[in-house]
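Peer 1: Build me a model from this:
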Amino acid sequence: MPYFAFLLICLMWGASFILMDRALVAVGPMTVGVARLLGGALVLAIYCLATRKWTKFRRGDWLHLAMVALLANAWPFVIQPYVMRQADEHAFFGLMVTFVPIVTILVSIPMLGRRPTPRQLVGVLGGLACAWLVVLDGNQRGISVSNLLLALSVPVTYAIGNTYIKWKLDHMPAAPMATAFLAIAGLMLLPLQFSPSALAALGMQGPATPHDWPLAIASLAVLGALSTGMAILLFIWLVKTQGPLFAGMVTYVVPMVALVWGQWDGERLTSLQIAAVAGVLAMVGLVQWGAARSPVLAKPATATLPPPHLTRDAPLDEEPYRDPDPIGQQAG
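Peer 2: Okay, here's the model as predicted:
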């Protein structure tokens, strides 16, 4: 199940870049972000209601949920379409998310108190070296330094948000938690969405001549339902059951899917990108091989309690175990 979920996330997130590009022909970056967040929250809320899986949040959870909503949702979901529109391409920015695993390791050390194995460290550092080729490629394409820095902020906030989930919200079921922080992030952005002057000042307004509305609306629908709602639900489950490093490694494969869509869309493929792709695939193989762990079932507190479910993988809305090693130190 972990590897199957990993593959689905890669396919859905890899296609999200071209979907954002198609939505931007009719709406602005802020609208793309809000539609994704609230659409994803709606899908997950329906799932929770249909399966009768919900939870009562603790009072202290709301601040942590807001922190994840801001870092891992509101900011990246708006910044990604913004820099894509500025550069007039999408596949390049899909490659930028290869920075997430190395930042995840850095923030996991102080936040979770865990260190990677030498093999994992070599793999992630190797991936970082390959990702640097992507930055060089951006310079050759004429992308401004400010846009490159904005794009680089996305993997940083993703990594912090993902690790924060493991640090402060590990007790919460995945589905209600994902629903909550998607909804919170969308609500955070609504005041800006309905302020034309603020949108204009930030450069987040829609295009001067919007067109292809059916395509844009369809793209937003797929972004909300699959690339946001379903994909985030699976990703949170991976963070909780396999740790943030394993889950964060999807960012080594997502760019490859985005690159394929870029080629289909006629975007330019460079030798630097090819070198980065080859190196990244080698590094993901090094780190991911044998990294998935089966949940460790705790013993019942007393003999009168029913035995735990003897299944290999936990449902998406249940917490299967307390991960003693959240960044995969014992993996392999």
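Peer 1: Quick one: mean pLDDT for the helix or strand hosting Cys48?
Peer 2: Cys48 belongs to helix 29-51 when elements are defined using DSSP states H and E. The average pLDDT within helix 29-51 is 94.
Peer 1: CA atoms only: put it into CSV for me.
Peer 2: Output in CSV follows, covering the C-alpha atoms of helix 29-51 (Å, rounded to 0.1, in the frame of the first residue of the first chain):
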residue,chain,number,x,y,z
PRO,A,29,-3.0,32.7,-9.4
MET,A,30,-5.0,33.6,-6.3
THR,A,31,-8.1,32.1,-7.8
VAL,A,32,-6.2,28.9,-8.7
GLY,A,33,-5.0,28.6,-5.1
VAL,A,34,-8.4,29.3,-3.5
ALA,A,35,-10.2,26.9,-5.9
ARG,A,36,-7.7,24.1,-5.2
LEU,A,37,-7.9,24.5,-1.4
LEU,A,38,-11.6,24.8,-1.0
GLY,A,39,-12.3,22.2,-3.7
GLY,A,40,-10.0,19.8,-2.0
ALA,A,41,-11.5,20.5,1.4
LEU,A,42,-15.0,19.8,0.0
VAL,A,43,-14.0,16.5,-1.5
LEU,A,44,-12.4,15.4,1.8
ALA,A,45,-15.3,16.6,3.8
ILE,A,46,-17.7,14.5,1.7
TYR,A,47,-15.4,11.5,2.2
CYS,A,48,-15.4,12.0,6.0
LEU,A,49,-19.2,12.4,6.1
ALA,A,50,-19.8,9.4,3.8
THR,A,51,-17.5,7.1,5.8
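Peer 1: Go through it and flag the buried ones.
Peer 2: 29-45, 47-48 (16 or more other Cβ atoms under 10 Å). For the C-beta atoms, the positions are set from N, CA and C on the backbone; glycine is no exception.
Peer 1: could you say what helices and strands it packs with?
Peer 2: Under the contact criterion of 3 or more Cβ pairs under 8 Å, 6 or more residues apart in numbering; DSSP states H and E, helix 29-51 touches helix 2-23, helix 75-87, helix 174-193, helix 213-222, helix 231-242.
Peer 1: ok and it relative to helix 213-222, angle-wise?
Peer 2: Inter-element angle recorded for helix 29-51 and helix 213-222: 50 degrees (by axes from the mean of the first three to the mean of the last three Cα atoms, to 10 degrees).
Peer 1: what about Gln140, how many neighbours?
Peer 2: 9 (other Cβ atoms under 10 Å).
Peer 1: ok, now which ones touch it?
Peer 2: Neighbouring residues of Gln140 by Cβ atoms under 8 Å, 6 or more residues apart in numbering: 270, 272.
Peer 1: how about the helices of the stretch 51-200 of the chain, start to end?
Peer 2: 61-69, 75-87, 91-95, 100-112, 118-141, 145-168, 174-193, 196-202 (DSSP state H, counting those that start in this stretch).
Peer 1: closest to Phe17 out of the ones you listed?
Peer 2: Minimum separation from Phe17 across these (Cβ to Cβ) falls at helix 91-95, 4.5 Å.
Peer 1: and the closest one, what does it pack onto?
Peer 2: Using 3+ Cβ pairs under 8 Å, 6+ apart, helix 91-95 sits against helix 2-23, helix 75-87, helix 118-141, helix 250-264.
Peer 1: any chance of the ones you listed in TSV, plus distance to Thr55 and mean pLDDT?
Peer 2: Output for these, formatted as TSV (distance: least, Cβ to Cβ, whole Å; pLDDT from 0 to 100):
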stretch	distance to Thr55	mean pLDDT
helix 2-23	21	92
helix 75-87	24	94
helix 118-141	32	80
helix 250-264	26	85
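Peer 1: need those helices in TSV with distance to Thr179, can you?
Peer 2: Formatted as TSV, the helices and strands packed on helix 91-95 follow (distance: least, Cβ to Cβ, whole Å):
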stretch	distance to Thr179
helix 2-23	17
helix 75-87	16
helix 118-141	31
helix 250-264	20
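Peer 1: Go through these and name the closest to Pro101.
Peer 2: helix 118-141 (4.8 Å).
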